[in-house]
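Participant: My questions are about this predicted structure, shown below with the sequence.
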Amino acid sequence: MVPTITAFERSPDRGRGLARDMRVRWALEEVGQPYDVRLLSFSDMKESAHRALHPFGQIPTYEEAGLVLFESGAIVLHIAQRHAGLLPEDANARARAIAWMFAALNTVEPPIVDRSMAVLLERDKRWYGERLPMLEDRVRVRLGELSSWLADAEWLEGAFSAADLLMVTVLRRLNGSGLVENYPNLTAYVARGEARPAYKRAFAAQLAVFASQPPNG
Ligand code: GTB
């Protein structure tokens with residue numbers, strides 16, 4: 001059975017690969033698994049039909065025979081466990097790659113999301129000017145640590161894995177901030193991820209959704 005995922009009908013990023021269905025699309029493309037997409041408006045996501053699949057009324061979800069999943073990290077892990085190519089075969093290396101998947105989502109992404117939310121929602125607050133540098137310092141701490149760890153390695157744990165897939169999508173959320181550019185090895189790391197044919201197919205599919213929507217529909 002071809003799995004079905006959910007995605008924004010009209011993504012706020014105009015289909016630039018920043019919404020979290022991008023991770024799932026990319027993982028499915030990496031393993032060569034075709035998939036269907038059900039597009040949802042913001043109000044569709046809050047309807048009971050979708051909440052039956054996702055307790056928080058969000059995208060992405062993933063449905064296959066007998067299984068419904070939510071949380072992009074859990075979905076990518078599921079795909080990586082069911083198909084070859086996204087996790088190392090060696091048990092210890094696999095455990096470390098999974099640790100990096102958690103690190104991407106639990107340690108690196110939170111300060112990046114805090115910064116994005118401030119930029120998006122708090123610009124008009126009188127304390128914004130003081131808060132943004134503090135949030136950006138927190139992001140810089142994580143980027144510096146990640147940059148030191150990665151050093152001149154191509155990927156986080158040997159060959160490209162689901163850990164890199166998640167980490168690259170997390171770092172891409174800083175596009176336009178200029179923050180990643182201070183770490184040439186991280187800039188090159190993100191570029192390596194974006195150069196993968198599977199990434200390009202996933203990005204094109206997400207962009208095509210946005211492009212197919214009527215301007216104010
Ligand atoms: N932890 C969950 C996961 O990883 O799956 C978080 C899911 C989530 O945040 N989903 C968002 C959502 O459904 C879309 S991805 N939001 C609607 C709602 O909560 O009502 C977050 C996102 C959205 C848009 C951009 N962008 O435009 O740049 C980037 C990221």
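Facilitator: That came through, no problem. Numbering: from 1, shown residues only.

Participant: Tell me how many other residues surround the nearest residue to Glu154 once chain neighbours are set aside.
Facilitator: Of all residues not flanking Glu154 in the chain, Arg192 sits nearest, at 6.5 Å (CB to CB, 6 or more residues apart in numbering). In short, each C-beta sits where N, CA and C put it, glycine included. Residues lying near Arg192 (other CB atoms under 10 Å) number 15.

Participant: just checking, Arg192 is part of a helix?
Facilitator: Yes. Residue state for Arg192 (DSSP: H, G, I helix; E, B strand; the rest coil) corresponds to a helix.

Participant: Touching, it and Ala153? I think so.
Facilitator: No. Using CB atoms under 8 Å, Arg192 makes no contact with Ala153, being 10.7 Å away.

Participant: So the residue nearest to Glu154 versus Ala52, what's the distance?
Facilitator: 39 Å (CB to CB, to the nearest Å).

Participant: Contact residues of this protein facing the ligand?
Facilitator: 11-13, 18-20, 42, 45, 57-60, 71-73 (CB under 6 Å from any ligand atom).

Participant: filter those residues to the buried ones?
Facilitator: Neighbour counting over those (16 or more other CB atoms under 10 Å) leaves 11, 13, 18-20, 45, 57-60, 71-73 as the buried ones.
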